[in-house]
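> build the 3D model from these lines:
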Amino acid sequence: MRALLVHPPTPPTYWGFQHSLPIAGKAASLPPLGLLSLAALLPSDWEIRVVDENVDPLTDDALRWADAVLVTGMLIHAAGIRRVLARARALGKRTVVGGPAVNTDPGAFPEARHVFRGEAEGRLAGLVRTLAANDDEAPQLLSPEGDDRPSMEIVPPPRFELVDHRRYASMSVQYSRGCPFQCEFCDIIEVFGRKPRSKTPAQVLAELDRLRATGYRGSVFFVDDNFIGNRVAVAQLLPHVREWQEKNDFPFEFYTEASVDLATKPELVDSMVASGFSSVFLGIETPSAASLKETHKLQNLRQPSDDAVRLITAAGLEVYAGFIVGFDSDGPEIFEAQRSFISSLPVPVAMIGILTALPGTQLTRRLQKEGRLRIVSAGDQFDRPNFEPAMDERTLLSGYGELLANLYAPKAYYDRCVRLVTTVGKPKVHTRLRPGAMRVLARSIWTLGVLSPRRREFWRLFGTALLRAPHATARAIELAIQGEHLIRYTQENVLPRLEQALKSMPRESAPKAKAKLDRPVAAEA
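As a prediction, this is how the structure comes out:
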């Protein structure tokens, strides 16, 4: 049996870093961990190939080779998933679609011969039998009934060897699934549950061994939606990871996602830093206590989020953060409140989105009852909201655009970078120079320090790091590389799309609010 596992290309997004990757000499940010994990679950006598269209094109020869084509992706990949399914079916191949997009919207891909919902571990028997037998009578839905969630202790290591790690800016592993909180807009708790499940320390170390055996050295993303969902288990894991890192001369630098209340456990932060973690993504969402209460994100009220960020940063973890505008309790003043709040923080990478009602969430169910839901979300943050917002929609879109334009004006972004490098604590571990680091430095200096119209800001950041925070010099270069994408993507993609969304609104519903998005002046562009 020959199975071709395909991940479609990711459209330009903030997290895609498409403008930054050429400077780093990479083709994509992360490998398709879901497919590598699935490959480890399929029969050992099957021939398996992985095609990540973010790295290599999907050829007809690759499709002809396969007996079955299995595709995955998120909602934002839906168009790409359909394109792969159509090409495979045109060549007479049996197709299967699974993964996040199917889990949140199971009816989204009627063109797939088979659909698999939910987690794969311990649940693949029917799918394997159907594909092996080429059973034409099998139903479309091949995942078992019920919503039983498998133990993470039966999850084998991903097959990292099926991709070329040299093409990726980072590699990834997964430790846990699920989150104990109940944020109204979040689909993670719907898909993976509110009872965190985790791998044993022995499993995690085995995965790190498997990844290290490929020859990879560099950053590794723990993709957990809340790495500290089970604090007791994480506290037990981290000493094992630290010991493994020390034994292997710290081959990896880790980053992950966590809840803001990580700051209430300084001993956990210190243990993460000592184990080689260098950054963490936090869902801060908003400085508005009313909005946090409204959306049931009560864990963010345990201490002021700005204090939490500064505590975590000072301990040695760079904070990436997510923010949302458009909660029901938000008024027009939220845009200036968010701008002021974010500008005061050492958080260069601030991902801001308009509230979206994702399929299957508490938010979507509430909005349906209230008659406010418009369409199922396709994962697009830069179009009109998929529900009737409480705030005037034109005010929401124009305020959101102005907020992004302000925060990703070059000077504003680099101001936050300077604040970060002069605030972040010194690392507690010594890591070797990563392979290719000098080439990346040379490309960065030439591209950002010589050719870029933002070269003055680059040298300001680089000089500040050298003089005031030498331990953060490499981090400053990484921030400058990331900023190239964040600034350009905002100006070249996001703001024009928001302007188009404003123009698409019926004129008769437009108040006197300013519709034109303010842009950074040309000298800053």
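> CA only for contacts and neighbour counts going forward, please
Will do.
> who's the closest spatial neighbour of Ile48, skipping the chain neighbours?
Ranked by Cα to Cα, 6 or more residues apart in numbering and with sequence neighbours excluded, the top spatial neighbour of Ile48 is Ala3, at 5.0 Å.
> neighbours of that neighbour, how many?
The number of residues packed near Ala3 is 22, by other Cα atoms under 10 Å.
> cool, Val494 as well?
That count, for Val494 with other Cα under 10 Å as the rule, works out to 21.
> which ones are touching the residue nearest to Val325 when sequence neighbours are not counted?
Distance criterion Cα to Cα, 6+ apart; nearest residue to Val325, sequence neighbours excluded, is Ile354 at 5.0 Å. When contacts are counted by Cα atoms under 8 Å, 6 or more residues apart in numbering, Ile354 is found next to 324-326, 381-382, 385, 400.
> mind putting these in CSV, distance to Ala24 included?
Putting these into CSV (distance: Cα to Cα, whole Å) gives the following:
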residue, distance to Ala24
Ile324, 29
Val325, 32
Gly326, 35
Gln381, 27
Phe382, 27
Pro385, 34
Tyr400, 30
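> and which of these is nearest Phe181?
Each of the contacts of Ile354 was checked against Phe181 using Cα to Cα; the closest is Ile324, at 17.5 Å.
> beta-bridge partners for the closest one, please?
With DSSP bridges applied, Ile324 shows beta-bridge pairing to Gly353.
> can you verify my assumption that His471 contacts Thr423?
No: under the criterion of Cα atoms under 8 Å, His471 lies out of contact with Thr423, with a separation of 11.1 Å.
> and the two? Which one has more around it.
It is Thr423, of His471 and Thr423, that has more neighbours when counted by other Cα under 10 Å, with 20 against 16.
> quick check, pLDDT for that one.
Per-residue confidence for Thr423 comes out at a pLDDT of 96.
> which SS class is it?
Taken by DSSP: H, G, I helix; E, B strand; the rest coil, the conformation at Thr423 corresponds to coil.
> do the same with Leu208
Three states are possible here, and by three-state DSSP the one that applies to Leu208 is helix.
> quick check: it vs Arg89, distance?
Using Cα to Cα, to the nearest Å, one gets 37 Å for the distance from Leu208 to Arg89.
> out of those two, which sits in the more crowded spot?
Counting neighbours by other Cα under 10 Å for Leu208 and for Arg89 shows that Leu208 has the greater number, 20 against 17.
> give me the buried stretch members for stretch 278-294, please.
Using 16 or more other Cα atoms under 10 Å as the test for burial, stretch 278-294 gives 278-288, 291-292.
> could you identify the most distant pair in these?
Using Cα to Cα, the two most remote members of the buried residues of stretch 278-294 are Ser278 and Ser291, lying 29.9 Å apart.
> tell me which helix or strand of the chain sits lowest on mean pLDDT?
Counting by mean pLDDT, DSSP states H and E, the weakest-scoring helix or strand in the chain turns out to be helix 100-104, with a mean of 85.
> just how off-centre is the helix or strand following it within its chain?
Under the assignment DSSP states H and E, the closest C-terminal helix or strand after helix 100-104 is strand 114-116. Taking Cα atoms, centre = their mean, to the nearest Å, one finds strand 114-116 lying 24 Å from the centre of the chain it belongs to.
> and for Val232, the neighbour number?
As a burial measure, Val232 scores 10 neighbours (other Cα under 10 Å).
> any idea how far Thr256 is from it?
From Val232 over to Thr256 the distance is 17 Å, taken as Cα to Cα.
> do the same with Ala409
From Ala409 across to Thr256, the span is 27 Å (Cα to Cα).
> now Met272
Distance of Met272 to Thr256, given as Cα to Cα: 10 Å.
> who has more neighbours, these two?
Neighbour count, other Cα under 10 Å: between Met272 and Thr256, Met272 has more, with 26 against 23.
> residue contacts, the more buried one?
By Cα under 8 Å, 6+ apart, the neighbours of Met272 are Leu238.
> so where's the protein uncertain?
Judged against pLDDT under 70, the low-scoring parts of the chain cover residues 147, 378-380, 430-432, 508-525.
> quick one, strands of it?
Remark: strands assigned in the chain by DSSP state E are 2-7, 47-52, 68-72, 94-98, 114-116, 171-173, 176-177, 197-198, 218-222, 252-258, 277-285, 318-325, 350-354.
> CA atoms only: put the fourth one into PDB for me.
Backbone C-alpha positions of strand 94-98 (Å, rounded to 0.1, in the frame of the first residue of the first chain) are rendered in PDB as follows:
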ATOM      1  CA  ARG A  94      -8.900   7.400  -3.200                       C
ATOM      2  CA  THR A  95      -8.900  10.500  -1.000                       C
ATOM      3  CA  VAL A  96      -9.100  11.100   2.700                       C
ATOM      4  CA  VAL A  97      -9.300  14.400   4.500                       C
ATOM      5  CA  GLY A  98      -8.700  14.900   8.200                       C
END
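> remind me what it packs against, helices and strands.
Secondary structure elements in contact with strand 94-98, counted by 3 or more Cα pairs under 8 Å, 6 or more residues apart in numbering; DSSP states H and E, are strand 68-72, helix 78-90, strand 114-116.
> nearest to Thr447, out of these?
Proximity of the helices and strands packed on strand 94-98 to Thr447 was assessed by Cα to Cα; the nearest stretch is helix 78-90, lying at 31.4 Å.
> in that closest one, which residues are buried?
Of the residues in helix 78-90, those buried under the neighbour-count criterion (16+ other Cα under 10 Å) are 78-82, 84-86, 88-89.
> out of the residues you listed, flag the one nearest to Ser377.
Nearest to Ser377, judged by Cα to Cα, of the buried residues of helix 78-90 is Ala78 at 10.9 Å.
> just checking, the closest one touches Val102?
No: Ala78 sits out of contact with Val102 when judged by Cα under 8 Å, with a separation of 9.4 Å.
> look at Gly107 and say how many residues are nearby.
Residue crowding around Gly107 was assessed by other Cα under 10 Å; the count is 11.
> OK, contacts around Pro22?
Residues near Pro22 by Cα under 8 Å, 6+ apart: none.
> try 10 Å
If you count contacts by Cα atoms under 10 Å, 6 or more residues apart in numbering, Pro22 has them with 28, 440, 443, 481.
> those residues in helices, which ones?
Residues of the contacts of Pro22 located in helices (DSSP state H): 440, 443, 481.
> highest neighbour count among those?
The most neighbours of any of the ones in helices among the contacts of Pro22, using other Cα under 10 Å, belong to Ile481, which has 25 neighbours.
> now the residue nearest to that residue when sequence neighbours are not counted, what are its backbone angles?
Spatially, and ignoring its direct neighbours in sequence, Ile481 is nearest to Ser20 (5.5 Å; Cα to Cα, 6+ apart). Here the main-chain torsion angles of Ser20 (degrees, to the nearest 10) amount to phi -90, psi -30.
> quick check, Ser20 in contact with Arg443.
No: using Cα atoms under 10 Å, Ser20 is not in contact with Arg443; the gap is 11.1 Å.
> between the two, what contacts are shared?
With contacts taken as Cα under 10 Å, 6+ apart, the residues that reach both Ser20 and Arg443 are Ile481.
> any idea how far the residue nearest to Val325 lies from Thr13?
The value you get for Ile354 to Thr13, if Cα to Cα is used, is 14 Å.
> what sits in contact with each of Met272 and Thr256?
Contacts common to Met272 and Thr256, judged by Cα under 10 Å, 6+ apart, are 278-280.
> closest one to Arg212 out of those, please.
Looking at these and their distance to Arg212, the nearest is Ser278, at 18.6 Å (Cα to Cα).
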